[in-house]
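Peer 1: Just to be clear, the model below is a prediction. Sequence and coordinates:
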Amino acid sequence: MFRKELESTDKKEKSVTTVCFTGHRRIAYGDAVKLPALLEEVLVDLINRGATVFRAGGAIGFDTVAALKVLELRERYPHIRLELILPCRNQTERWEETAVRTYYYILNQADSYRFLFDAYFDGCMLERDRRLVEGSDVCVAFCNRSRGGTAYTFALALRSGLEVINVCDLAT
């Protein structure tokens, strides 16, 4: 439903340098348990294809799991980088304490980060999503809904010609 099919020869020929992530904030428990191993498999394949830059948007849920996986893989592959493109400085304002601690852990471990805006406003998350896609070669997604920010970013990545890997499809 959300997967862009690629011929295996196309996959191997396409140069990969930069990967962005998009995914839902809430992930069903069954999928969440499988997600770290699935992400590792996908990310190692992308690293072997030349990916060195991984971009996350700092949201709760998939973004967090993906960023933590990149940090873990960076121990084995020290040449990879985690870049955070964050919508606003007060993104964590209404988050639970544990989520905020994890966010700041990732922020402190990232190779680089930038805030697009000082404060939240309608549209700042969509601008973050556009910046994640812009300049990326591949989008790794966890998308199982046809509406919302993740679906928007997924569709934008497809329209922009990115290879899109929907980890959600691999979880089933």
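Peer 2: Yep, that arrived.
Peer 1: What's the local residue count around residue 104?
Peer 2: Close neighbours of residue 104, defined as other CB atoms under 10 Å, add up to 11. Just so you know, the C-beta spots here come from the backbone N, C-alpha and C atoms, and that holds for glycine as well.
Peer 1: Doesn't it lie inside a strand?
Peer 2: No: counting by DSSP: H, G, I helix; E, B strand; the rest coil, residue 104 is not found in a strand; it is helix.
Peer 1: heads up, I number from 376, so please use that
Peer 2: I'll keep to 376 as the first residue from here, and by that count the last item is residue 479.
Peer 1: pLDDT score assigned to it?
Peer 2: pLDDT for residue 479: 98.
Peer 1: Starting from residue 509, give me the distance back to it.
Peer 2: Note on residue 479: its distance to residue 509, by CB to CB, to the nearest Å, is 26 Å.
Peer 1: wait, what's in contact with residue 488?
Peer 2: By CB atoms under 8 Å, 6 or more residues apart in numbering, the contact list for residue 488 reads 433, 458-461, 482.
Peer 1: what does the helix or strand encompassing residue 506 contact?
Peer 2: Here residue 506, judged by DSSP states H and E, is contained in helix 499-508. Residues outside helix 499-508 that contact it (CB under 8 Å, 6+ apart) are 395-397, 430-432, 460-463, 491-492, 514, 524, 527-528, 531-532, 535, 537.
Peer 1: Of those, which belong to strands?
Peer 2: 395-397, 430-431, 460-463, 491-492, 514 (DSSP state E).
Peer 1: can you list the residues you listed in CSV and add neighbour count?
Peer 2: Converted to CSV, the ones in strands among the contacts of helix 499-508 look like this (neighbours: other CB atoms under 10 Å):
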residue, neighbour count
395, 27
396, 28
397, 29
430, 26
431, 29
460, 21
461, 22
462, 23
463, 19
491, 16
492, 16
514, 25
